[in-house]
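In: Attaching a predicted model along with its sequence, questions to come.
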Amino acid sequence: MTVLPDDGLTLAAEFSDATREQWQRLVAGVLLKSGKEVEGAAAEDALSTTLEDGLRVRPLYTGHDTAPEPGLPGFAPFVRGSRAEGNTVGGWDVRQRHTTPDTDAVLADLENGVTSLWLVVGEGGIPVASLGRVLDGVYLDLAPVALDAGAEVEPAARELLRLYEERGVGRDAVRGTLGADPLGLEARTGQPFDFAPVAGLALRCAEEYQGLRALTVDALPYHEAGGSAAQELGASLATGVAYLRELTGAGLSVGQACAQLEFRYAATADQFLTIAKLRAARRLWARVAEVCGAPGAQVQHVVTSPVMMTRRDPWVNMLRTTVAALAAGAGGADAVTVLPFDHALGLPDAFARRIARNTSTILIEESHLSRVIDPAGGSWYVERLTDELAHVGWEFFQGIERTGGLSAALRSGRLGQDLADTWAARTSKLAKRREPITGVSEFPHLAERPVERTPAPAAPSGGLPRVRRDEAYEALRARSDAHLAATGSRPRIYLAALGPAAAHTARLTFASNLFQAGGIEPVTEGTFEDSGATEACLCSSDALYEEQAADAARGLQEAGARHVFLAGRPGQYSGVDAYVFAGCDAVAVLSATLDRMGVS
């Protein structure tokens, strides 16, 4: 990482260096125009963004924002990648997920760019007895298989190993993971599971199948329960340490035990946070392995986040998963699974699977993302974020260990409460549209035709919840859909634009988006009497509100409006019942409005 000897803003040799103080003065001047009188460091703080875990992203990073030396790719602490060559040889492993015994879909994936299979087996997935049929025609010496069999991991593993033997695959050619994850399953179901059969599988893999890993440290249960990036990291470390204890207690060496683990993380559309998380995860696990006396790199399987997937306007999910996959690749993931855009709706169709696998192909073959090792490395911002996230993740891990380990944290409810607290804070941001969801809370399309899919098998439940960013707005839209089915029309609100377009366009657009997010159809043409609405909202500038708001509100009430909103900050306007503005609790406003409309 290059560190400049001065303030770090050198752009070219022929120009004199700018100082941070000069930049801060310019920032203060811009902020003054928007009504904020700040200067110096306070001006810089005004442009900073607070993330989960107490992390704060600043608007400017320079060579003074140093972080620990990340090392070289393939060497401890593995921040820059687990292998010296990175993903430059062939790109990352493109791993597609399958939950049904559809041999044609499996073969179509492998013939069109997928390089390994992630098979959900047992409850909520492929029956163990159907495993052979699903893999019919698959060259098992070429396509690694990652099982995800939950409580049925032992019979599923036996069946897969039998298939390798039956089809003449040499033991040295077997690649993949058996996917045993007792603690992850406990997190999903709330039920403890015996580790003894898992230890037996690990011993067999260590002795007979050098390229096969027995265990998966799956951080998705904590991510899907609303956890932050640091909580995901801390829980995965605690899981990995617990497995090392169990495996070494069963007779494996520390080195053998480490070699039996594959880690699974979520990638979100926050590309820099995802990149930093994967880099921090390798650094943290390298520290654990070093302390245990068996330095080694973490193997990462990264999955595009189910939490960010929306049911409304699901086509936008293609964009989200593309950004997430890019971040996973740039972050050094060994294997990447892009969930199909219709994942939240049920079983994906052939088109959705094709788009999912082609996402990685385009990033590797056309964008050439894998040709550069650790492309984010050397960025002062990314290096600093990696370091800060690593520290917070380590603190969360230590907190779990102090309570007696992950199993104790799960059974006591402490971990679940920590995740719930994080999700509650995020839910508030979502409700206030501080974290926008395109197509749902921002720019929704009420007239869109619903995308229908065959329901997916029920996933294991009973433990930590599974949350989605869109769940509050989805509930509102479902109420609107039911009203449409019962009456033939959606609930409506009349938007009364005051004055010329220049005065009302911004707030008219804001109000239209807000009400549509709750399934309420805005009407902007004609009169209130002709709109079929029972509610109304004034939209204009502050200056025109002073002149016309009171009279306009009274006129709407006389025309039959039960409730009159005003798009703008709360003021003293007679006849106005409520205000909608950036940062208001949109979910609460929309829910109350639907209640008044009699939409259940």
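Out: Perfect, I can see it now.

In: Any stretches of the stretch 1-150 of the chain with poor pLDDT?
Out: Filtered on pLDDT under 70, the stretch 1-150 of the chain yields the residue ranges 1-14.

In: just the strands in it please.
Out: Secondary structure of the stretch 1-150 of the chain, counting by DSSP state E, counting those that start in this stretch: strands at 49-50, 56-57, 93-98, 116-120, 145-148.

In: just for the chain, where's the confidence low?
Out: Ranges of the chain meeting pLDDT under 70: 1-14.

In: how does it look with 80?
Out: For the chain, the stretches with pLDDT under 80 are 1-17, 66.

In: From T386, how far off is G377?
Out: 9 Å (C-beta to C-beta, to the nearest Å). Glycine gets a C-beta too; all of them are placed from N, C-alpha and C.

In: Need the residues touching each of these two.
Out: Common contacts of G377 and T386 (C-beta atoms under 8 Å, 6 or more residues apart in numbering): 70, 79.

In: more neighbours, these two?
Out: Just comparing G377 and T386: by other C-beta atoms under 10 Å the higher neighbour count belongs to T386, 28 against 21.

In: Quick one: the strands in the stretch 451-600 of the chain, in order.
Out: Under DSSP E, counting those that start in this stretch, the stretch 451-600 of the chain gives strands at 492-497, 521-523, 535-539, 563-567, 578-580.

In: Please render the strands of the stretch 1-150 of the chain as CSV that adds distance to A294 to the earlier fields.
Out: Shown next, in CSV, are these (distance: least, C-beta to C-beta, whole Å):
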stretch, distance to A294
strand 49-50, 38
strand 56-57, 35
strand 93-98, 24
strand 116-120, 26
strand 145-148, 23
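
In: Burial-wise, tell me which of the ones you listed comes out on top.
Out: strand 145-148 (a mean of 25; mean count of other C-beta atoms under 10 Å).

In: so what secondary structure elements neighbour the very next helix or strand once past it?
Out: Using DSSP states H and E, the helix or strand that follows strand 145-148 in sequence is helix 153-166. Packing partners of helix 153-166 (3 or more C-beta pairs under 8 Å, 6 or more residues apart in numbering; DSSP states H and E): helix 131-134, strand 145-148, strand 176-180, helix 196-208.

In: how far off strand 116-120 does helix 153-166 point, in degrees?
Out: Calculated by axes from the mean of the first three to the mean of the last three C-alpha atoms, to 10 degrees, helix 153-166 forms an angle of 140 degrees with strand 116-120.

In: Could you export helix 153-166 as PDB, CA atoms only?
Out: Provided in PDB are the C-alpha atoms of helix 153-166 (Å, rounded to 0.1, in the frame of the first residue of the first chain):
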ATOM      1  CA  VAL A 153     -25.900 -34.700   6.900                       C
ATOM      2  CA  GLU A 154     -24.700 -38.200   7.900                       C
ATOM      3  CA  PRO A 155     -27.000 -40.200   5.500                       C
ATOM      4  CA  ALA A 156     -26.500 -37.600   2.800                       C
ATOM      5  CA  ALA A 157     -22.700 -37.800   3.200                       C
ATOM      6  CA  ARG A 158     -22.800 -41.500   3.100                       C
ATOM      7  CA  GLU A 159     -24.800 -41.500  -0.100                       C
ATOM      8  CA  LEU A 160     -22.500 -39.000  -1.800                       C
ATOM      9  CA  LEU A 161     -19.400 -40.900  -0.900                       C
ATOM     10  CA  ARG A 162     -21.100 -44.100  -2.200                       C
ATOM     11  CA  LEU A 163     -21.700 -42.400  -5.500                       C
ATOM     12  CA  TYR A 164     -18.100 -41.400  -5.800                       C
ATOM     13  CA  GLU A 165     -17.100 -45.000  -5.200                       C
ATOM     14  CA  GLU A 166     -19.700 -46.400  -7.500                       C
END
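
In: So what touches that helix?
Out: Identification of contacts with helix 153-166 by C-beta under 8 Å, 6+ apart yields 121-122, 128-129, 131-132, 135, 140, 145, 147, 149, 171, 174, 178-181, 197-198, 201, 204, 209, 214.

In: let's go with 7 Å and repeat that
Out: 121-122, 128, 131-132, 135, 140, 145, 147, 149, 174, 178-180, 197, 201 (C-beta atoms under 7 Å, 6 or more residues apart in numbering).

In: Buried residues of that helix, list them for me.
Out: Within helix 153-166, the residues scored as buried using 16 or more other C-beta atoms under 10 Å are 153-157, 159-161, 163-164.

In: now stretch 548-559
Out: In terms of neighbour count (16+ other C-beta under 10 Å), stretch 548-559 has its buried residues at 548-549, 552-553, 555-557.

In: Make a markdown table from the residues you listed and add distance to L498 to it.
Out: Shown next, in a markdown table, are these (distance: C-beta to C-beta, whole Å):
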| residue | distance to L498 |
| --- | --- |
| Q548 | 5 |
| A549 | 8 |
| A552 | 6 |
| A553 | 11 |
| G555 | 11 |
| L556 | 11 |
| Q557 | 16 |
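
In: give me every residue that touches R433.
Out: R433 touches 441-442, 586, counting by C-beta under 7 Å, 6+ apart.

In: ok, now which ones touch R426?
Out: Counting by C-beta under 7 Å, 6+ apart, R426 makes contact with 226, 435.

In: tell me which element it is part of?
Out: In this assignment (DSSP H and E), R426 forms part of helix 414-431.

In: CA-only coordinates of that helix, as PDB, when you get a sec.
Out: C-alpha atoms of helix 414-431 as PDB (Å, rounded to 0.1, in the frame of the first residue of the first chain):
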ATOM      1  CA  ARG A 414     -28.300 -13.400  24.200                       C
ATOM      2  CA  LEU A 415     -27.100 -13.800  20.600                       C
ATOM      3  CA  GLY A 416     -30.700 -13.700  19.300                       C
ATOM      4  CA  GLN A 417     -31.300 -10.500  21.300                       C
ATOM      5  CA  ASP A 418     -28.200  -8.800  19.900                       C
ATOM      6  CA  LEU A 419     -29.200  -9.600  16.400                       C
ATOM      7  CA  ALA A 420     -32.800  -8.500  17.100                       C
ATOM      8  CA  ASP A 421     -31.500  -5.100  18.500                       C
ATOM      9  CA  THR A 422     -29.500  -4.600  15.300                       C
ATOM     10  CA  TRP A 423     -32.400  -5.400  13.100                       C
ATOM     11  CA  ALA A 424     -34.700  -3.100  15.100                       C
ATOM     12  CA  ALA A 425     -32.400  -0.200  14.500                       C
ATOM     13  CA  ARG A 426     -32.200  -1.000  10.800                       C
ATOM     14  CA  THR A 427     -36.000  -1.500  10.600                       C
ATOM     15  CA  SER A 428     -36.400   2.100  11.800                       C
ATOM     16  CA  LYS A 429     -34.200   3.300   9.000                       C
ATOM     17  CA  LEU A 430     -36.100   1.300   6.500                       C
ATOM     18  CA  ALA A 431     -39.400   2.600   7.800                       C
END
